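**Q** After the sequence you'll find the predicted model.
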Amino acid sequence: MLPTYVLARDHLQRAATILAGSDHQSRQIRYIIERTISLIEDIRPEPDRPASNVLDFTAFRERHERA
């Protein structure tokens, strides 16, 4: 995970801790923050692309079939 994401996750975790109130708005904001943290943790680095300008048609087709 990139250092920027780690820092953002840490800040969001601190914010969620600060929002320990039991009122409705605090719970909603805490839920949003916790969901954002989980999305950050789910980020997977993209695979390295070859340093070539040759296109692999099989890989191209597979990528576009999934989309």
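**A** Arrived safely, thanks for sending. Numbering: from 1, shown residues only.
**Q** Can you list the low-confidence ranges for the chain?
**A** Within the chain, the set of residues satisfying pLDDT under 70 comprises 1, 50, 67.
**Q** tell me, what residue is most central in it?
**A** The centre of the chain sits closest to Ile40, judged by CA atoms, centre = their mean, with a distance of 2.9 Å.
**Q** what's the helix or strand for it?
**A** Assignment of secondary structure by DSSP states H and E places Ile40 within helix 24-41.
**Q** What is the subsequent helix or strand relative to that helix?
**A** Past helix 24-41, heading to the C-terminal end, the next element that is a helix or strand (DSSP H and E) is helix 57-66.
**Q** Need the contact partners of the helix holding Ile40.
**A** For helix 24-41, the surrounding residues in contact (CB atoms under 8 Å, 6 or more residues apart in numbering) are 1, 5, 8-9, 12-13, 15-16, 19-21. To be clear about C-beta, it is placed using only N, CA and C from the backbone, and glycine gets the same treatment.
**Q** will you turn those residues into CSV that also has secondary structure, neighbour count and distance to Glu34?
**A** Listed next are these as CSV, based on DSSP: H, G, I helix; E, B strand; the rest coil; neighbours: other CB atoms under 10 Å; distance: CB to CB, whole Å:
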residue, secondary structure, neighbour count, distance to Glu34
Met1, coil, 12, 17
Tyr5, helix, 12, 16
Ala8, helix, 15, 13
Arg9, helix, 18, 11
Leu12, helix, 17, 8
Gln13, helix, 13, 9
Ala15, helix, 15, 10
Ala16, helix, 18, 6
Leu19, coil, 18, 10
Ala20, coil, 8, 12
Gly21, coil, 11, 14
